[in-house]
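Q: Model the structure of this input:
(one chain, ligands or ions: 1)
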Amino acid sequence: MSPVKVFGHPMLTNVARVLLFLEEVGAEYELVPLDFVAGEHKRPQHVQLNVSRRQFVDRSPYQVQVMIFDRDAACFSSLQPFAKMPGFQDGDLVLFESRAIAKYILRKYGGTAGLDLLGENSGIEELAMVDMWTEVEAQQYYPAISPVVFECIIIPFIIPGGGAAPNRSVVDESLERLRGVLGIYEARLEKSSYLAGDSISFADLNHIPFTFYFMTTPYAKVFDEYPKVKAWWEMLMARPAVQRVCKHMPTKFKLGAQY
Ligand SMILES: N[C@@H](CCC(=O)N[C@@H](CS)C(=O)NCC(=O)O)C(=O)O
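A: Predicted coordinates for the structure are as follows:
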């Protein structure tokens, strides 16, 4: 059986999320690296087209996408119609959206690996807790933490020459929002070892990619204000699968005078 394929660069947060769950379950996979700075994920030779541009244009819900791709002279693909990474392929099955891919991986291989990170083998109450904290990560935590990571790391990394200095008001607003979320996490982690209960779950591990990069910024010390959260983060980082994935995520950025 050929291994599943992940398309994208392993330093990217959403690619790292997929790799993390593949590593957690010990599945065999092939990483097809794409140079995102060069825009490889948008070039026709790196995507597997099986719909023509005409067919795609005729599918009205995608009109807006078509306009975007036309403007960028980019190519839409059957792998990732939004031209984002990761793309994922398991035989004839093609998936996109990293959280959905991660769930597929856990459902396909979690049993063999003896891991029930989605809580699906527990009662519906445990399952609901995993679902709820998974939503909290996507709807509260990610919007709070990601502007700092974008301003300090991602934008300077992608823009040749480092782009402009981070937007101070965006960073400050984001830190304020993050503190609000971390306060809620602190209270939760006073009652249980992990977010959804006393076992690690999908919800906890989804925090890895963005938090990993946040911890390379000068604002990492915000976490010191929340001892339970800090201890939880250290427990997550100690996992071998996490370390294997984070090894491909750089930690040395040119964070200098602009701070
Ligand atoms: N919600 C999507 C987001 C995908 C996404 O934005 N990927 C980023 C990399 S982490 C990307 O491809 N950026 C390059 C671009 O937008 O051109 C997911 O979770 O897979």
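Q: Touching, Pro3 and Val32? I think so.
A: No - contact status for Pro3 versus Val32: not in contact, 11.0 Å apart, counting by CB atoms under 8 Å. Placement of C-beta: from N, CA and C, glycine included.
Q: neighbour count winner among these two?
A: For the pair Pro3 and Val32, the greater number of neighbours falls to Val32 (15 against 12), based on other CB atoms under 10 Å.
Q: now that one, nearest residue through space, not along the chain?
A: Across the structure, with CB to CB, 6 or more residues apart in numbering as the measure, the residue nearest Val32 apart from its sequence neighbours is Phe7 (4.7 Å).
Q: Low-confidence ranges, the stretch 1-150 of the chain, go.
A: 1, 36-78 (pLDDT under 70).
Q: which residue ranges form the strands in it?
A: 4-7, 29-32, 87-90, 93-96 (DSSP state E, counting those that start in this stretch).
Q: name the helices or strands packed onto the last one?
A: In this case it means strand 93-96. Here strand 93-96 is seen to pack against strand 87-90 when contacts are counted using 3 or more CB pairs under 8 Å, 6 or more residues apart in numbering; DSSP states H and E.
Q: what are the C-alpha coordinates of the strand it packs on, in CSV please?
A: Taking only C-alpha atoms (Å, rounded to 0.1, in the frame of the first residue of the first chain), the coordinates of strand 87-90 have been written out as CSV:
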residue,chain,number,x,y,z
GLY,A,87,-2.6,19.2,0.3
PHE,A,88,-3.2,15.6,1.2
GLN,A,89,-3.7,12.4,-0.8
ASP,A,90,-4.5,8.9,0.2
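Q: For the stretch 51-200 of the chain, which segments count as helices?
A: Taking DSSP state H, counting those that start in this stretch as the test, the helices found in the stretch 51-200 of the chain are 53-58, 63-71, 98-113, 124-136, 142-149, 155-158, 168-189.
Q: Next, the buried residues of the last one.
A: In other words, helix 168-189. For helix 168-189, burial by neighbour count (16 or more other CB atoms under 10 Å) applies to 171, 174-175, 177-178, 181-182, 185-186, 188-189.
Q: Follow the chain on from it and name the next helix or strand.
A: Moving toward the C-terminus from helix 168-189, the next helix or strand (DSSP states H and E) is helix 202-205.
Q: Give me the helices and strands touching that following helix, please.
A: Counting contacts by 3+ CB pairs under 8 Å, 6+ apart, helix 202-205 packs against helix 13-25, helix 98-113, helix 124-136, helix 227-237.
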